[in-house]
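Visitor: Below are the sequence and a predicted model; questions follow.
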Amino acid sequence: PESMSLYDAVGGSEAFQRLVHRFYQGVAEDPLLRPLYPEEDLHGAEERLRMFLIQYWGGPNTYGQQRGHPRLRMRHAPFVIGEPERDAWLKHMRDAVESLELPEELETKLWNYLLYAAQSLVNA
Ligand code: HEM
């Protein structure tokens, strides 16, 4: 139904868990992106991105409870994000999105958002 959130339509938290886990497997091996992440262990970053996306798409607002307002531009300001970083981020995210094998309409909706969001965070 029209009123269903994308969060529900893709199958809830499990889909976001898989999406973000797959994405960070790519980041862990990426020589351009990996050095940007300040923590030794990517689990915290994985959890934050997962909670954020779940909240954005209509699931529980745990992200906001733990982190407050997302302010993504501000939170990315410490990292140099040029076109190469944006493209590397999107490459791993594309791979992760495709791994979910969603119906085309949902995949397009999710992907268009991620494309737009990544572009909006370019700061160099
Ligand atoms: C955090 C890089 C795009 C959402 C981070 C961090 C880095 C980073 C290095 C810090 C990791 C941490 O939390 O410890 C990048 C790069 C991007 C990008 C290179 C390329 C354009 C995006 C996009 C989104 C996003 C498109 C949302 C759709 C987040 C969130 C956090 C985060 C929610 C955690 C913020 C918090 O502290 O609560 N990102 N990011 N990022 N990123 Fe990105």
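Guide: Nice, I can see it. What you see is a predicted model; the values in this text were computed from it and never measured. Residues are numbered from 1 along each chain as shown.
Visitor: I'd say residue 92 and residue 26 touch.
Guide: Yes. At 3.2 Å, residue 92 counts as touching residue 26 under the criterion of C-beta atoms under 8 Å. Bear in mind the C-beta positions are built from the backbone N, C-alpha and C, glycine included.
Visitor: Spell out the residue ranges of the helices in this protein.
Guide: Here the chain has its helices, by DSSP state H, at 6-9, 13-28, 43-56, 62-67, 72-76, 83-99, 104-120.
Visitor: any idea how far the closest residue to residue 50 other than its chain neighbours is from residue 80?
Guide: Leaving out its chain neighbours, the residue that sits closest to residue 50 by C-beta to C-beta, 6 or more residues apart in numbering is residue 20, at 4.2 Å. Going from residue 20 to residue 80 by C-beta to C-beta, to the nearest Å gives 23 Å.
Visitor: neighbour count winner among the two?
Guide: residue 20 (22 against 12; other C-beta atoms under 10 Å).
Visitor: Quick check, pLDDT for the most centrally placed residue in the chain.
Guide: Compute the mean C-alpha point of the chain, and by C-alpha atoms, centre = their mean the closest residue is residue 49, 5.3 Å away. Predicted confidence (pLDDT) for residue 49: 98.
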